[in-house]
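# Generate a structure from the sequence data that follows.
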Amino acid sequence: MESTIRLTTAQALLKFLNNQYIEVDGKEIKFVKGVMGIFGHGNVVGLGQALDEYKDEMIYYAGKNEQEITHVAVAYAKQKRRTQIFACTASIGPGSLNMVTAAGTATVNRIPVLLLPSDSYSDRQPDPVLQQVEQSYDYSISANDSFKAVSKYWDRIQRPEQLMTSAIQAMRVLTNPAETGAVTLCLPQDVQGEAYDFPESFFKKRVHRVRRIDIDEYDLSSAIELIKSKKKPMVICGGGVRYSFADQQLLDFCKSFNIPFGETQAGKGIIPWTHELNMGGGGVCGTLASNRLAKQADLIIAVGTRLNDFVTSSKFAYQNPELDILTININDFDAYKMNATSIVADAKKALEKLTSALKETNYKSEYTTEISEAKKDWQVELDTMANATNENGLCQTAVLSTINKTIDEDAIIVSASGSIPSDLERIWCPTKPDTYHLEYGFSCMGYEVSGALGAKLANPDVESYCFVGDGGFLMGHSDLYTSIQEGVKINVLLLDNNGHQCIHNLQRSQGIDTFGTEFRARNGNALLGDYVPIDFAKIAEGYGAKTYRVKTMDELIAAIEDSKKQSVSTLIDIKVLPGTMTGGFEHFWRVGTAQVAKDNRVVEAAKNVNNIVNTKCLPY
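Next up is the predicted model:
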């Protein structure tokens, strides 16, 4: 008989996690860095006791909001290119449910995070316990069933011995580049503390090797023939390029055949903006250069992207009647989108093989001056936005450009929601890899401050900045205090424009008057009174952060320079004028405009949307 170790379920889980490693291209990395979360009655005496017992082997970070601390874990794994993760714990009921949004963030962005929500009692004897959700039609349901829709793997550990199978399956998904995302192991309160004689083999060191799926020879041949038949191909550089460590391979491919490339939010910054073939972001948040070339392209080569509506301009971006789409993706679900010729393979492997085989044909694109002219024209737009002025206050585009020039080039910037991500994808000019960290798969408000903390934990030797609007900051900022508690410095760049101005712009573009999108006092049946000011610096001061209030560009530059000297987290409260963000650059975003309304402007806007959809957008 194999020797055993008597442990509680929670202790066994931590001992198991502490011995999990990932191998990428021959390099071993300890996979689970630690645990983040908040203790409550559902986990403090079970998993909490185990974490206390193993505190010298597995670090624990205590958050103040379950969603936000889980977003810290998501940001950490994203910044580490999915080579290292945190697990997250929460108490029963509302504590666990607070993690559901962050689970969606992880799964949509294909970022691994292990969620350990506490559950009601497996033996059901004390039921209903405090914070338990009961359903009369199915007593087996608990609040934790809510995670099923946003998890890539879900299980409930109702007996200690079930942990062994489930934990190994959890690792399978967490380390799988095609299927990774949120993994949820629900832990009933009683089971966490129940003891079992676990076999020692369960705790042996396990190395999960990331398999680089090679390109199929038939697919390679088909792709080569397709590319050879095209005159003006264009590449989309997605997040899969980053996670595959395929930045050099993508650059070699584009340089070899004179093919320009656009970027997604997840793919931006892998290759420096200064490269002559880099056209910047494409789609709804795209640059003029990228969007114009995309309309002309007769082949789109989409590498490591989900091809969401912001990348494809709601399938409007590609207008050439001879268009074909070639996808390279480790995930076959993504590879088969938009009626594409699909390559299901690792981006690094596929690009290496494509480059080598295509060189043998002496292929070159037929671009002449279009690429350089597009880049030159976009620089004119960039300069205009960087120098935007208004006698009434600061313009958002100029603020972002100034910050880009003032912070260190190896500093990490983080953002997620509102108008700022669109502006950053257009305006920000990164020169160092892994310094541009945008969560724009879920575009989750409240990710920003937490994301900056996660990025800083992943890269402690560089400055970490979050760009957040006033709306995003109000949605979630408790991890500013967590950063101070932990002595981990982050910098919050808060752009205050008195409301959700991104959505305000969308609202008015569809013929709808201002309604509920600005931070104004109530006046009759709507919020149309004066702006209600907020002193965000004072909020941060209360947490213990070093703060600054700026209303001029000189004050902004001085605040950034002084913030670099601080050892504590900082917040710069920047007052910017509403409506001074970037506009659109030959893009289209399909929204569900009302087709019937008392205001004829709304009806006309709906007709315009439908006309574009029916005549300009791809049907698949």
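
# ok, and the closest non-adjacent residue to residue 189?
residue 42 (5.2 Å; CB to CB, 6 or more residues apart in numbering). For the C-beta atoms, the positions are set from N, CA and C on the backbone; glycine is no exception.

# For the one you found, what are phi and psi?
phi -80, psi -10 (degrees, to the nearest 10).

# And the pLDDT at it?
pLDDT for residue 42: 95.

# Just to check, it is in contact with residue 131?
Yes - using CB atoms under 8 Å, residue 42 is in contact with residue 131, at 7.3 Å.

# list the residues that contact both of those two?
91, 92, 93, 95 (CB atoms under 8 Å, 6 or more residues apart in numbering).

# quick one: which helix or strand includes the closest residue to the first one other than its chain neighbours?
Distances taken as CB to CB, 6+ apart place residue 40 nearest to residue 91, at 2.5 Å, with adjacent residues excluded. Following DSSP states H and E, there is no helix or strand that holds residue 40.

# need the contact list for residue 40.
90, 91, 92, 95, 118.

# picking up where we left off before, compare residue 42 and residue 131 (neighbour count), which wins?
residue 42 (29 against 18; other CB atoms under 10 Å).

# dump the residue contacts of that one.
90, 91, 92, 93, 95, 96, 118, 119, 131, 189.

# Dihedrals phi and psi, the closest residue in space to residue 498 that isn't next to it in sequence?
Nearest non-adjacent residue to residue 498, counting by CB to CB, 6+ apart: residue 531, 4.6 Å away. When read as degrees, to the nearest 10, the backbone of residue 531 gives phi -60, psi 140.

# Might one say that residue 531 is in contact with residue 497?
No - using CB under 8 Å, residue 531 makes no contact with residue 497, being 9.8 Å away.

# In terms of neighbours, single out the busier of those two.
The residue with more neighbours, out of residue 531 and residue 497, is residue 497; 27 against 13, by other CB under 10 Å.

# Mind splitting this structure into its structural domains?
4-209, 217-368, 387-498+533-575 (automatic domain parsing).

# could you redo the ones you listed as JSON lines and give each row distance to residue 606?
Shown next, in JSON lines, are the domains of the chain (distance: least, CB to CB, whole Å):
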{"stretch": "domain 4-209", "distance to residue 606": "28"}
{"stretch": "domain 217-368", "distance to residue 606": "15"}
{"stretch": "domain 387-498+533-575", "distance to residue 606": "23"}
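
# Which among these is found nearest to residue 611?
Ranking the domains of the chain by distance to residue 611, with CB to CB as the measure, places domain 217-368 first at 11.7 Å.

# Now the closest one: average pLDDT?
97.

# And for stretch 403-419?
97.

# Start and end of that stretch, how far apart?
16 Å (CA to CA, to the nearest Å).

# Tell me how far it lies from the chain's centre.
Centroid displacement of stretch 403-419 relative to its chain, using CA atoms, centre = their mean, to the nearest Å, is 15 Å.

# now swap in stretch 23-43 and tell me
Going by CA atoms, centre = their mean, where stretch 23-43 is centred and where its chain is centred differ by 19 Å.

# Just checking, which helix or strand of the chain averages the lowest pLDDT?
helix 501-509 (a mean of 91; mean pLDDT, DSSP states H and E).

# And the contacts of that one?
418-419, 422, 469, 514-515, 517-518, 578-579, 581, 589, 591, 605.

# give me the number of residues near the closest residue to residue 298 other than its chain neighbours?
Using CB to CB, 6+ apart and skipping residues adjacent in sequence, the residue nearest residue 298 is residue 322, 4.4 Å away. Residues lying near residue 322 (other CB under 10 Å) number 11.

# In a helix, residue 322, correct?
No - Residue 322 is assigned coil when assessed by DSSP: H, G, I helix; E, B strand; the rest coil, not a helix.

# Okay, and which of the contacts of helix 501-509 map to strands?
residue 469 (DSSP state E).

# Which of the contacts of helix 501-509 fall within helices?
Among these, the subset assigned to helices under DSSP state H consists of 422, 605.

# now the contacts of helix 501-509 as JSON lines including distance to residue 279?
Below are the contacts of helix 501-509 laid out as JSON lines (distance: CB to CB, whole Å):
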{"residue": "418", "distance to residue 279": "24"}
{"residue": "419", "distance to residue 279": "21"}
{"residue": "422", "distance to residue 279": "16"}
{"residue": "469", "distance to residue 279": "27"}
{"residue": "514", "distance to residue 279": "35"}
{"residue": "515", "distance to residue 279": "37"}
{"residue": "517", "distance to residue 279": "32"}
{"residue": "518", "distance to residue 279": "34"}
{"residue": "578", "distance to residue 279": "29"}
{"residue": "579", "distance to residue 279": "27"}
{"residue": "581", "distance to residue 279": "21"}
{"residue": "589", "distance to residue 279": "19"}
{"residue": "591", "distance to residue 279": "25"}
{"residue": "605", "distance to residue 279": "30"}
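
# what ranges do the helices span in the stretch 401-550 of the chain?
For the stretch 401-550 of the chain, the helices defined by DSSP state H, counting those that start in this stretch occupy 420-427, 447-458, 470-475, 478-486, 501-509, 536-543.
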